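Asks: Quick one, what's the 3D model for this:
(2 chains)
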Amino acid sequence: MNLKSALLGSALAAVASGALAETVTVYTAVPENFIDALVPMFEETTGNDVEIIKAGSGELLNRLTAEAGSPQADVLWSVDGTVIDFNPDLFEAYEAAGSDALADGMRQSDLWTPFTAVVMAFIVNPDQLGDLPVPDSWAALADPQYDDMISSARADASGSAYIQFATVLQAFGSEEEGLEIYRDMLGNFVLSESSGAVPRFVNDGELAIGVTLEDAALRYVEGGGPVEIVYPSEGTAIAPDAMALVAGAPNADGGKAFIDFMLSAEAQQVVAEQGRRPVRSDVESNPALVPLAEVNSVGYDAAWAADNRERLVEMWSDMVLDVQ
Amino acid sequence: MTARPLRSRLDFWTVVTGLVLVLLAILLILPILRVLMLSFVDADTGGFTFGNYVEAFTRNYYLNGFKNTLFVGVMGTLGASLLGIPLAFFTARFHVRGRTWISTLAILVLVAPPFIGAYAWIMMLGSNGFITNFFEALGISIPTIYGAHGIILVFTLKFFPFVFLMTQTALNAVSKSFEDAAENLGCTPWQRFRKITLPLVFPAISTGAIICFVLSIADFGTPAILGRGFRTLSTIAYAAYRSELGGLPTMAVTISIIMMAISMLALVAQRRILARRRYASSLTNLPVKVRLTGWRNVAMHLFCHGVVLIAMLPTIVVVYTSFLDTNGPVFTGGFGLESYRRILDDAPTAIANSFLFAFAAVVLITAVSALVSYVIVRRETAAAGSIDFLMMVPYLVPGVVMAIGFVTTFRSGSFNLIGTAGLLILIYFIRRLPYGVRSTTSSLRQIKPSLEEAAVNLGAPPLKAFLKVTIPLIVPGLVVGSLMSFITAINELSSTLIIYDSGTITMPVRIYLAVLDGEFGIAAALSTVLLLCTGVCVYAVFRFADNRDSAFV
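Replies: Numbers count the residues shown, from 1 in each chain, chains lettered A, B, ... in the order given. The predicted structure follows:
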C-alpha cells in the first residue's frame, strides 16, 4: 500500500465529510444483527452515510460526557431510556415523525423516542440443568440450588441488567422484599462482562440459565440451539429502549432523519423480524414469540428506575462486594 | 569516547538527544503523570485525596484482587518457566527433529491475536467443551477451565515462549569449556546443569520470566472470561472504568497504578539480583549438540512437540471455528463460509485502518529508534542513560493507563489539534518504540564506531556519516525491529478500545465487539484474517533476521 496516497486519501475524506456533513455518527449499544439489518436500509433510503460506534451503554455515556464540549455523535441509539433521562444535558428533545403511531405506554419521555420494546426473559438450557426443574420465576432464581448456574450481565455496566434489577425491585410487594430476592439471585449469578455473551454461554452449555432479552434468546432458539425462553411468573419488564438526539450534534438533521427512519413502519417491520417487539401499534410482533398480551408484565416504571438510578447502582455495586 | 572540545559536544547528536528527551517527556512522562495525578483526585469533590489508595488497600474486594493477581502472576510465570526452560535446554543441547518448526510455532503463539484465545479454551475445556465431553464419555470427570487453575494454565501456555526463546538464545552462547570443566571435575549431568549452566543463563531466564509476570498481571481478557468469581486487579480496574454512572475513572486509575507498581518492583528486584552476579563468557568453544537414543529420545521429542502443539490449540480451534456454518449465532454443525460473508461488509475498513495506523507508527518507530539506539550505544552521557531506562517504561504501563493518560492530556487544551487517527498512531508509536530500539541497539552494538569516525575524520558532518555509514550497517536490526513493532501494533487492543471513534475502528476492536455480542463465528473469521496478516509478517521477519528466535523477545 502506498502510505502517502492513503494518508492523503483519508485527509481528503475527512475534509469532504466535514464540508458536506452527510455522515451521521451513531453511538449504539444495539446488537450487531440490528446494525446489519437496519443501517444499510437507512443509507439506501436517505443517501446518508452512517458511522457506528458500538459499545456498552456505560462506555458510550463516558464518551458523550467526555466530548460534551465538542460533540462527535449525532444520535445515541438503543440504550435504556433511564440513561438518557439521567443525563438530560447531553441530549436534545426531538419529536420524531411517526410518534403519533406509537403503541400505548411507549412514549415515556420528551427527551427520547422509543426504538423497540425490550422484554426481559430467561434463556434456559435444560440439558445443563440435570435433575433441577426449569425455573419459572424471579424467586426461583434466588434458590441456592442454582448457585453458579445463572449467567447475568453487570447492572453497573449494562443497561439491560439494570432494567432486570429494577424489575425485580418492582415485582414484589415492596422494594425491600424485591431487594431480598435480588440479593440471593446475585449470589447465584456468574457475572458476564457483556449482556450479549449471556445467551451465548447458555446456548453453548457453559451455564444452564441466563437472564437476558427475549430477542437475544430468540436468535438462539431460531438458530436451532438447545435452549428455550421462559417468562418469570411474577411478571417481567416490557420496557422501551431509547434513541435520542445528542445536544450540539454536528449533523443534527442527519440525526433526526436517522431517528425518523428507525420509527418508520418499514424499519419497525425489520425490528419484528429480529425478534424485538415493535413500538408502532400498526406493526405485529414476530410470530415465533408468545403474543405480548400473554406475557405477564410488572408494568415497568421507567420513570422510577431513572429517578433512583444513582442510588440503585450504588446499592448494586455495594451488594456485589458482599455476595459475589 | 575520547575527550573533545566543548563546541563539538553541542553538535548534532546533542541536539538529537535533547529532542528525543523532549519527545519522551511529552508522549510518555506527561500522560503517565496525568494518570498518576488522577489517582489522587476525589471522584465526588474533585479535591486532593489519598482516599482511593486507602480504599484499595482496606476493602476486602480490592485486597482479594491484589492477592489473586499476585497468585496467578507468580504461578503463571512459574508454569511458563517450567515449560520454557526444559524446551530451550533440549533444543539447544540435543538433536531435536523439527527444531525450526518448534521455534516457528512458539513464535506464532506469541503473536496470536488477544482475547479470542480464552474463548477457544472454553470451547475445549468448558463445562460443555469437546475435550471435557470426550473424557466424560469415557467416564472420566475432569475439572473445567474456570477459576484460578484455568487462568494459570492459559498464562503458562501463552507466555512460555518468552522464557523459551530468551533462554535458548543464551544457551547457544554459553561456552562449552565451562560445562566440560564441570564434567571433568566429576559433576553428574544434573549437577552440571544446576551449578554451571543454569547460573550462566539466569539473566536470560529471569528476563523472560519478568516479561511473563508483567504481561500476566496486565492481562485482562483471560481472567475476565475464565475467572467467574475469581477477580484480578485488571478485571476490577476494567469493571470500574466501564461503570455506567460516568464521572472520573479515579478508582480504575488507582488500581492500574498499583498494577504498574507491582511490575516495577519485580523489574527492580530482578535488576538488583542480576547486578550482583555477572558472568562474562566469550564464545570460543561452541556447544556441541548431543544425540539422545532410546526412550529418552522419544520422551524428549514428545515433550518438545507436545508443548508447542498444545499451546497452538486455541489458535487452531479459532481457525476451525471460522469455517463452521452458522444460523444466526448458532453453529449448525456443518462447514461453510457464512462467517466470512458476514464480515465482508465492514471488515475492509477495519483492516485498512489497522494497517494504516500500524504502518504509520512503524515508520516513526524506525526513524526514531535508529536515532535513539545511536544515542544509547555511542553516547555514554547521563541523558543517554536515562533514555535507555525510559525505554523500559512502555513495557510496564498497561495499555489502559496509557490511553487514559493520552485522552486526558491530548484531548484537552492546546493539544486538542491531534485527530483520533493521529492519537492512535502516536500511542502505538510510544508503546511499541522499545521493540524497535531493542533490536536496533543490539545490531549497533556489534558494529565498531571506527567506521563512523573515519567518515567524520574525512570531513563528513555527523548526520551524513550517520545516514551514509551507520544506517546501512544496521539495516537488518532496523527491519526486524520494525516488523516486531508492526506485529505488536496491529494486534493492539487495550488502548485502541478507549481512544477509537467512528472511522478509526481496527481489527482487534472488531473482534472484541463480536466476542461481546456472542458472535463467535464472526470473531473467529476476523481473527483468522488478522492471524494471516500477522503470519505473513512473521515469515518476513524470518527472511530478514539473522537469529530468528531472539528477534521476537
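Asks: number of nearby residues for A:Gly223?
Replies: 16 (other CB atoms under 10 Å in any protein chain shown). C-beta here means a position set from N, CA and C on the backbone, and glycine is covered the same way.
Asks: residues in contact with it?
Replies: B:326-330, B:332 (CB atoms under 8 Å, 6 or more residues apart in numbering or on different chains).
Asks: For B:Gly246, give me the pLDDT.
Replies: With respect to pLDDT, B:Gly246 has a value of 56.
Asks: State the distance from B:Ser494 to chain A.
Replies: Distance of B:Ser494 to chain A, computed by CB to the nearest CB, to the nearest Å: 13 Å.
Asks: before we move on, the earlier item: most surrounded residue in the contacts of A:Gly223?
Replies: B:Pro329 (25 neighbours).
Asks: That residue touches B:Ala523, doesn't it?
Replies: No - if you go by CB atoms under 8 Å, B:Pro329 and B:Ala523 don't touch, sitting 10.8 Å apart.
Asks: follow-up on the earlier one: ok, of the contacts of A:Gly223, which one's closest to chain A?
Replies: Lowest distance from chain A to those (CB to the nearest CB) belongs to B:Val330, with 2.9 Å.
Asks: what's that closest one sitting at in phi/psi?
Replies: B:Val330 adopts backbone torsions of phi -90, psi 130, taken as degrees, to the nearest 10.
Asks: Please apply the same query to the one 3 residues further on.
Replies: Backbone torsions of B:Gly333, given as degrees, to the nearest 10, read phi 110, psi -30.
Asks: wait, isn't it in contact with B:Asp325?
Replies: Yes - with contact defined as CB under 8 Å, B:Gly333 counts as touching B:Asp325 (7.3 Å).
Asks: who's more crowded, these two?
Replies: Between B:Gly333 and B:Asp325, counting by other CB under 10 Å, B:Asp325 is the more crowded of the two (15 against 9).
Asks: Report the secondary structure state of the more buried one.
Replies: Here B:Asp325 is strand, with the state taken from DSSP: H, G, I helix; E, B strand; the rest coil.
Asks: Give me the pLDDT value at B:Ala551.
Replies: Value for B:Ala551, per-residue pLDDT: 56.
Asks: just B:Leu82 next, same as before
Replies: So, for B:Leu82, pLDDT stands at 96.
Asks: How about whatever helix or strand it lives in and chain A, any contact?
Replies: Element membership of B:Leu82, judged by DSSP states H and E, is helix B:60-93. Yes - Helix B:60-93 reaches chain A (CB under 8 Å from any CB of the partner chain) through B:60-61.
Asks: Mind giving me the packing neighbours of that helix?
Replies: With contacts taken as 3 or more CB pairs under 8 Å, 6 or more residues apart in numbering or on different chains; DSSP states H and E, helix B:60-93 sits against helix B:51-58, helix B:99-111, helix B:148-172, helix B:198-218, helix B:233-242, helix B:250-276, helix B:294-322.
Asks: Include mean pLDDT and mean neighbour count when you put the ones you listed into TSV, please.
Replies: Shown next, in TSV, are the helices and strands packed on helix B:60-93 (pLDDT from 0 to 100; neighbours: other CB atoms under 10 Å in any protein chain shown):
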stretch	mean pLDDT	mean neighbour count
helix B:51-58	88	16
helix B:99-111	83	19
helix B:148-172	89	25
helix B:198-218	87	22
helix B:233-242	82	23
helix B:250-276	86	18
helix B:294-322	93	16
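Asks: quick one: which of those helices is nearest chain A?
Replies: It's helix B:233-242; of those, that one is closest to chain A (CB to the nearest CB) at 4.4 Å.
Asks: How far off centre is the closest one?
Replies: 21 Å (CA atoms, centre = their mean, to the nearest Å).
Asks: nearest residue to B:Asn68 other than its sequence neighbours?
Replies: B:Thr232 (5.0 Å; CB to CB, 6 or more residues apart in numbering or on different chains).
Asks: what about that neighbour, how many residues close to it?
Replies: Each residue near B:Thr232 was counted by other CB under 10 Å, and the total is 31.
Asks: my guess is it contacts B:Leu70, does it?
Replies: No - contact criterion CB under 8 Å: B:Thr232 and B:Leu70 do not qualify, at 9.2 Å.
Asks: Confirm for me that B:Asn52 is in contact with B:Ala252.
Replies: No - using CB under 8 Å, B:Asn52 makes no contact with B:Ala252, being 9.9 Å away.
Asks: a helix runs through A:Gln164, doesn't it?
Replies: Yes - A:Gln164 sits within a helix when classified using three-state DSSP.
Asks: what about it, neighbour count?
Replies: 27.
Asks: now it: how far from chain B?
Replies: Counting by CB to the nearest CB, the gap from A:Gln164 to chain B is 14 Å.
Asks: Tell me the predicted confidence for that residue.
Replies: With respect to pLDDT, A:Gln164 has a value of 95.
Asks: Report the contact partners of it.
Replies: A:120, A:152, A:155, A:211, A:237.
Asks: Could you work out the most separated pair of those?
Replies: A:Ser152 and A:Ala237 (14.3 Å; CB to CB).
Asks: so how far is A:Asp74 from the residue nearest to B:Asn68?
Replies: Computed as CB to CB, to the nearest Å, the B:Thr232 to A:Asp74 distance reads 38 Å.
Asks: Take the contacts of A:Gln164 and write them to CSV, including neighbour count and secondary structure.
Replies: Shown next, in CSV, are those (neighbours: other CB atoms under 10 Å in any protein chain shown; DSSP: H, G, I helix; E, B strand; the rest coil):
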residue, neighbour count, secondary structure
A:Met120, 25, strand
A:Ser152, 25, strand
A:Ala155, 25, coil
A:Val211, 27, strand
A:Ala237, 26, coil
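Asks: Lowest-confidence one in the residues you listed?
Replies: Least confident of the contacts of A:Gln164 in the model: A:Ala155, at 90.
Asks: Pretty sure that residue sits against A:Trp316.
Replies: Yes - A:Ala155 lies in contact with A:Trp316 (CB under 8 Å); the separation is 4.6 Å.
Asks: Now do the shared contacts for the two.
Replies: A:Phe165.
Asks: B:Thr207 is in contact with B:Gln270, isn't it?
Replies: Yes - using CB under 8 Å, B:Thr207 is in contact with B:Gln270, at 7.3 Å.
Asks: interface residues of the stretch 201-350 of chain B facing chain A?
Replies: Counting by CB under 8 Å from any CB, the residues of the stretch 201-350 of chain B near chain A are B:224-225, B:228-229, B:238-239, B:241-246, B:249, B:326-330, B:332, B:342, B:345.
Asks: one step back: closest to chain B among the contacts of A:Gln164?
Replies: Once CB to the nearest CB is applied, the member of these that ends up nearest chain B is A:Ala155, at 8.5 Å.
Asks: all strands of chain A, in order?
Replies: A:23-28, A:49-54, A:75-80, A:91-92, A:113-124, A:150-153, A:189-192, A:209-213, A:228-230, A:238-246 (DSSP state E).
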